[in-house]
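Next one to model:
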Amino acid sequence: MLSTVRAFILALFLALIAFAGGLYLGGHPERLPSGLRAIFVGEDRALRAEIEAAINAFFFEKVDPASLEEGSLRGTVAALGDPFSNYFSPEDARGLRDSLSGNFDGIGVAIDAGKQGLEVLVVYEDTPAEGVDIQVGDLITEVDGESIAGEPPEVATAKIKGPAGTPVELTLVDPKTGRERTVRPKRANIEVPVVETSVEEVEGRKIGVIQLITFSEGVHADVAKAVKKLTRLHVDGLVLDMRGNGGGLLTEAVLVASVFIEEGEIVATRGRTSPERVYEALGTAVDTDTEMVVLVDGGTASSSEIVAGALRDSGRAEAIVGETTFGKGVFQEIIPLSNGGTVNLTVGSYFLPQGDNLADAGIEPEVKAVDDPRTEPDEALPRALDQLTSNLP
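Model (predicted):
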């Protein structure tokens with residue numbers, strides 16, 4: 001009986017050792033002999049382990065394993081060759097979620113994507129950016145010492161955002177002189193209104209201007225309030241200004257378009273793994289009669305293009321004024337990951353009511369108008385106002 005118990009204990013002990021060894025070698029396949037590695041470990045994972053082992057053994061500088069893992073995850077998504085599909089680390093993912101909620105910690109600038117980095121379009125008052133003298137037109141080329149050239153704006157801006165009170169180092173280039181400088185603003189909670197209104201008077205007619213900055217969660221309600229406010233002021237026409245608006249939530253695009261369009265198609269989507277879906281106006285229009293034009297530029301993208309296209313195709317907008325829009329004819333889905341990060345994957349294309357897909361083409365304005373953000377007067381808005389007033393009854 002005793003020998004049987006000893007045999008059982010010994011077998012259990014050996015099993016535990018084998019189990020622990022399996023766990024260790026499963027997480028460190030590079031320690032297995034090449035023959036066993038090929039048998040017990042997937043070929044791709046074994047090859048990755050070989051590369052990591054070679055880096056740890058021979059690379060001329062010490063490598064942080066966490067940074068190596070982050071780079072590997074980013075590289076996997078980057079291999080798709082799609083500029084709009086990206087991996088976001090847990091920290092970057094928080095910044096992305098905050099920006100889509102309309103409340104975030106950052107430095108207080110509006111930006112546009114450029115080849116060298118991010119171009120500053122607006123510096124908001126009483127923000128960290130103003131405090132360190134960031135200027136309109138400056139190019140942000142590095143964040144915390146790392147180049148952001150060629151990165152999608154969603155990724156680059158997520159790196160600038162972060163917990164309030166923490167510093168971020170930015171490398172700026174003056175495009176006029178080429179002079180480079182470094183600033184270290186401290187992030188703060190930024191409360192920038194995503195919808196602003198004003199009233200312009202042209203030839204005795206009152207024109208309401210609605211500036212829409214982004215399509216964050218709930219922005220449709222702010223647009224509806226803005227329209228109601230301007231209606232109470234008895235404006236004769238409306239300008240919907242979406243210059244520099246890089247988009248946001250698809251659902252908000254449909255809701256914003258529905259503020260002006262009572263019925264009919266807003267946009268249709270198609271994906272490889274999902275059937276075609278047609279989004280119709282929701283029947284909640286606030287104003288379907290006031291004459292309006294839409295003001296756009298090269299920074300008008302994604303959800304902004306959906307709204308502009310729907311207003312054009314439905315005949316609700318009298319004209320599109322400005323510059324050719326960005327031309328982003330695809331949409332993404334944010335997929336949460338187990339490490340707290342996310343992967344933002346392009347999952348389909350969208351099509352405007354008349355069937356146009358804007359990928360690489362954008363919306364061509366009927367009336368050309370270009371503004372130089374480095375100069376004080378707005379050269380494009382007057383063209384939109386003139387176009388609108390010239391067609392008023």
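
From residue 304, how far off is residue 223?
To residue 304, residue 223 is 12 Å away according to CB to CB, to the nearest Å. Backbone N, C-alpha and C define where each C-beta goes, glycine included.

which residue is nearest the middle of this structure?
residue 154 (3.7 Å; CA atoms, centre = their mean).

Surely residue 268 is in a helix?
No - under DSSP: H, G, I helix; E, B strand; the rest coil, residue 268 sits outside any helix and is assigned strand.

ok, it touching residue 350?
Yes - between residue 268 and residue 350 there is a contact under CB atoms under 8 Å: 6.8 Å.

Just want to know which of the two has more residues nearby.
Ranked by neighbour count (other CB atoms under 10 Å), residue 268 and residue 350 place residue 350 first, with 27 against 18.

how about the residue lying closest to residue 298 once chain neighbours are set aside, what does it touch?
For residue 298, ignoring the flanking residues on the chain, the nearest one in space by CB to CB, 6 or more residues apart in numbering is residue 323 at 5.3 Å. Residues in contact with residue 323, defined by CB atoms under 8 Å, 6 or more residues apart in numbering, are 296, 297, 298, 365, 368, 369, 370, 380.

and with 6 Å instead?
Contacts for residue 323 (CB atoms under 6 Å, 6 or more residues apart in numbering) come out as 297, 298, 370.

And residue 327, by the same measure?
By CB under 6 Å, 6+ apart, residue 327 lies in contact with 358, 360, 361, 362.

per-residue confidence for the third one?
On the pLDDT scale, residue 361 is placed at 87.

So for it, what's the nearest residue that isn't a sequence neighbour?
Nearest one to residue 361, counting by CB to CB, 6+ apart, is residue 327 at 5.1 Å.

before we move on, the earlier item: and the residue nearest to the centre of the chain, what helix or strand is that in?
Applying DSSP states H and E as the criterion places residue 154 in helix 153-160.

Which elements pack onto that helix?
Where contact means 3 or more CB pairs under 6 Å, 6 or more residues apart in numbering; DSSP states H and E, helix 153-160 is packed against helix 90-101.

thinking again about what came up before, before we move on, what SS does the residue nearest to residue 361 have?
Classification of residue 327 by three-state DSSP places it in coil.

pLDDT wise, what is it at?
Per-residue pLDDT puts residue 327 at 92.

Distance-wise, check it relative to residue 360.
Residue 327 is 5 Å from residue 360, by CB to CB.

got it, and residue 374?
28 Å.

Between those two, which has more neighbouring residues?
Counted by other CB under 10 Å, residue 374 and residue 360 do not tie: residue 374 has more neighbours, with 12 against 9.

That one contacts residue 137, correct?
Yes - between residue 374 and residue 137 there is a contact under CB atoms under 6 Å: 4.5 Å.

So what's the residue count around the nearest residue to residue 132 once chain neighbours are set aside?
Spatial nearest neighbour of residue 132, excluding adjacent residues (CB to CB, 6+ apart): residue 183 at 4.1 Å. Under the neighbour criterion other CB under 10 Å, residue 183 is assigned a count of 19.

On the pLDDT front, check residue 183 for me.
Per-residue confidence at residue 183 stands at 97 (pLDDT).

swap in the one 3 residues further on?
Reading off the confidence values, residue 186 has pLDDT 96.

so it sits right up against residue 169, yeah?
No - between residue 186 and residue 169 there is no contact under CB under 6 Å: 11.1 Å.

Quick one: low-confidence residue ranges for the chain.
By pLDDT under 70, the weakly predicted segments of the chain are 1-44, 98-103.

80 - rerun?
Scanning the chain for pLDDT under 80 picks out 1-46, 94-104, 112-115, 150, 152-154, 191-193, 360, 373-374, 376.

Determine the longest strand present in it.
Longest among the strand segments of the chain by residue count, using DSSP state E, is strand 342-351.
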